[in-house]
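J.: Could you look at this predicted model? Sequence included:
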Amino acid sequence: MSQDLTELGVAAIRDGVAKGDFTAVEVAEAFNANVAAAQDALNAFIVATPEKAVDAAKAIDAKRAKGEALGKMGGVPIGMKDLFATQGVQTTAASHILEGFTPEYESTVSQKLWDAGAGMLGKLNLDQFAMGSSNETSYFGNVVSPWKRNDGGNASLAPGGSSGGSSAAVAARLCPAATGTDTGGSIRQPAAFTGITGIKPTYGRCSRWGVVAFASSLDQAGPMARDTRDCAIMLEAMAGFDPKDATSLDMPVPEWEANLSADMKGKRVGIPREYRMDGMDEDVLKSWDDGIAWLKEAGAEIVDISLPHTKYALPAYYIIAPAEASSNLARYDGVRYGLRDLPDGANLQDMYAATRAAGFGAEVKRRILIGTYVLSAGFYDAYYTQAQKVRTLISIDFKNAFESCDVILAPTAPSAAFGLGENVDDPLKMYLNDVFAVPASLAGLPAMSVPAGLNREGLPLGLQVIGKAFDEQGVLNAGLALEQRAGFTAKPDKWW
Ligand SMILES: NC(=O)C[C@H](N)C(=O)O
């Protein structure tokens with residue numbers, strides 16, 4: 001066969017399978033081969049499930065033969081972040097404490113994707129319990145970005161995080177799309193680092209049922225794919241009300257794909273002046289200016305806006321997220337899941353302590369300690385209550401800003417991908433990477449990262465579009481307008 005099927009995205013595969021240009025099994029086999037060939041070098045998957053991808057594809061081909069509808073994702077094999085519970089397939093959250101845990105149930109989002117005709121290529125690596133911005137906190141080893149700097153060196157770069165397996169796998173053509181989750185940037189920042197597209201929908205759009213919980217008031221699933229259209233298709237398949245998640249939005253899922261439009265006439269794009277920070281990376285600034293020019297060209301009016309509490313977003317996030325994590329992660333006690341460390345002569349308390357000491361990585365322990373501290377009597381008001389008040393102020397900032405604009409344009413991250421090992425020993429530096437991502441998370445707003453171009457080192461930079469609650473369409477449309485003008489076609493040179 002002359003065509004390399006792994007160069008195709010979601011829409012092209014779905015349409016090609018439906019038309020009979022190729023079979024779903026051919027597609028699954030082509031991606032399975034790429035997954036296997038890249039595993040040693042990139043470490044993007046924790047577990048590959050090639051037989052699952054082929055089985056799902058066979059079912060699609062059989063449906064086609066009978067003339068039945070194939071579904072929104074019919075014939076599209078995807079990667080599943082290993083934070084989604086998958087029935088009968090190990091689900092670890094990239095932690096030692098969940099190693100060997102095989103769920104009896106399927107997460108709502110993954111089930112919806114299988115129901116829409118997708119198949120599973122495997123479970124993707126991530127930062128442990130989704131805590132990190134580089135995928136270096138995984139118990140199963142870091143993911144290596146498929147990208148290299150153009151300086152002739154061979155430095156290994158971070159794929160971003162926490163959805164670093166997802167971003168690397170999509171960029172390296174190991175899957176046409178993958179699921180991600182975003183608590184404070186975990187879809188957008190890795191998408192920006194690897195030249196792909198990812199959207200975090202409005203909080204509540206995608207069910208959190210069966211997604212390993214990190215910070216429940218912030219966690220939100222979303223698609224990571226090659227382009228805006230592919231994200232729109234996949235998000236339609238993932239989203240929808242779920243009575244099993246008390247925070248699920250009881251709203252119909254819009255037809256985002258059918259309503260895509262890159263025409264920005266009559267739309268106002270807000271540029272938050274507080275995001276123009278001192279000492280900002282020049283290439284990041286330039287790509288932001290390019291984005292402004294592109295949206296203007298697409299017909300938008302550009303307006304200056306203010307989000308005055310921006311500088312408090314990061315400290316508030318790093319109080320609220322650890323506080324919720326300390327509570328959510330209390331359930332890993334050596335009794336109910338995965339690992340159990342039972343030293344000789346130990347009592348129950350010793351077993352809890354030994355299991356948790358052995359099972360959690362350093363970053364997870366750091367967050368549990370911070371979270372427990374900020375929730376403890378005497379500190380609760382000073383930290384947790386204060387952070388919640390800041391969160392409200394940030395939501396009000398956005399509400400006010402959206403009186404004068406329809407969407408907001410900003411960089412996704414303050415830099416391009418950094419080197420593996422560069423930030424891992426400096427948690428504050430690592431946390432600073434989320435500076436542009438966390439405000440939308442705290443406010444529960446839809447936000448997307450679109451590849452904008454390459455910096456001087458030949459590495460991708462992302463532009464972020466933030467929208468009003470429930471207005472994923474506005475976000476996707478602005479994303480499409482940017483994408484059409486950015487014309488980003490770069491992909492990593494294959495070295496693996
Ligand atoms: N989970 C996320 O959204 C990533 C963020 N960098 C964090 O470590 O919390």
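T.: Looks like it arrived, so ask away.
J.: what's the burial count for the residue of the stretch 301-450 of the chain found nearest the ligand?
T.: Using CB to the nearest ligand atom, the single residue of the stretch 301-450 of the chain nearest to the ligand is residue 434, 4.7 Å away. Any C-beta I mention is one placed from the backbone N, CA and C, and that applies to glycine too. Residue 434 has 24 neighbours, counted by other CB atoms under 10 Å.
J.: Quick check: closest non-adjacent residue to it.
T.: Closest residue to residue 434 in three dimensions, ignoring its sequence neighbours and counting by CB to CB, 6 or more residues apart in numbering: residue 185, at 4.5 Å.
J.: pretty sure residue 194 is touching residue 157, no?
T.: No: with the criterion set as CB atoms under 8 Å, residue 194 and residue 157 do not qualify as a contacting pair; they are 9.2 Å apart.
J.: Neighbour count: the two, which is higher?
T.: Comparing residue 194 with residue 157 by other CB under 10 Å, the one with more neighbours is residue 194, at 33 against 24.
J.: Look at the residue nearest to residue 434 and give its secondary structure.
T.: When classified by DSSP: H, G, I helix; E, B strand; the rest coil, residue 185 comes out as coil.
J.: Now do the phi/psi pair for it.
T.: phi 120, psi 0 (degrees, to the nearest 10).
J.: so how many other residues sit close to it?
T.: Residue 185 has 30 neighbouring residues, counting by other CB under 10 Å.
J.: before we move on, what about residue 364?
T.: Using other CB under 10 Å, the number of residues around residue 364 comes to 29.
J.: contacting residues for it?
T.: Contacts of residue 364 were listed using CB atoms under 8 Å, 6 or more residues apart in numbering, and they are 95, 128, 129, 131, 137, 325, 329.
J.: any idea which helix or strand comes after whichever strand or helix holds it?
T.: Assessed by DSSP states H and E, residue 364 sits inside helix 362-375. Next helix or strand after helix 362-375 toward the C-terminus (DSSP H and E): helix 386-401.
J.: the inter-axis angle of the next helix or strand after that next one versus helix 386-401?
T.: Reading on from helix 386-401 to the C-terminus, the next helix or strand found by DSSP H and E is strand 407-411. Here strand 407-411 points in a direction 120 degrees away from that of helix 386-401 (axes from the mean of the first three to the mean of the last three CA atoms, to 10 degrees).
J.: who does strand 407-411 pair up with?
T.: Pairing partners of strand 407-411, with direction, according to DSSP bridges: strand 268-272 (parallel), strand 460-467 (antiparallel).
J.: What residues does the stretch 51-200 of the chain have near the ligand?
T.: Counting by CB under 6 Å from any ligand atom, the stretch 51-200 of the chain comes close to the ligand at 130, 131, 132, 133, 162, 182, 183, 184, 185, 186.
J.: of all the strands paired with strand 407-411, which lies closest to the ligand?
T.: Of all those, strand 460-467 sits nearest to the ligand, with 13.6 Å by CB to the nearest ligand atom.
J.: wait, what's in contact with the residue nearest to residue 434?
T.: When contacts are counted by CB under 8 Å, 6+ apart, residue 185 touches 133, 412, 413, 433, 434, 436, 437, 438, 441.
J.: can you rerun that using 10 Å?
T.: Under the criterion of CB atoms under 10 Å, 6 or more residues apart in numbering, the contact list for residue 185 reads 133, 160-163, 191-192, 200, 317, 412-413, 433-438, 440-441, 447, 449, 464.
J.: Now do the host helix or strand of residue 286: distance to the chain's middle.
T.: Taking DSSP H and E as the criterion, residue 286 maps to helix 282-297. Its chain's average C-alpha position is 23 Å from that of helix 282-297, according to CA atoms, centre = their mean, to the nearest Å.
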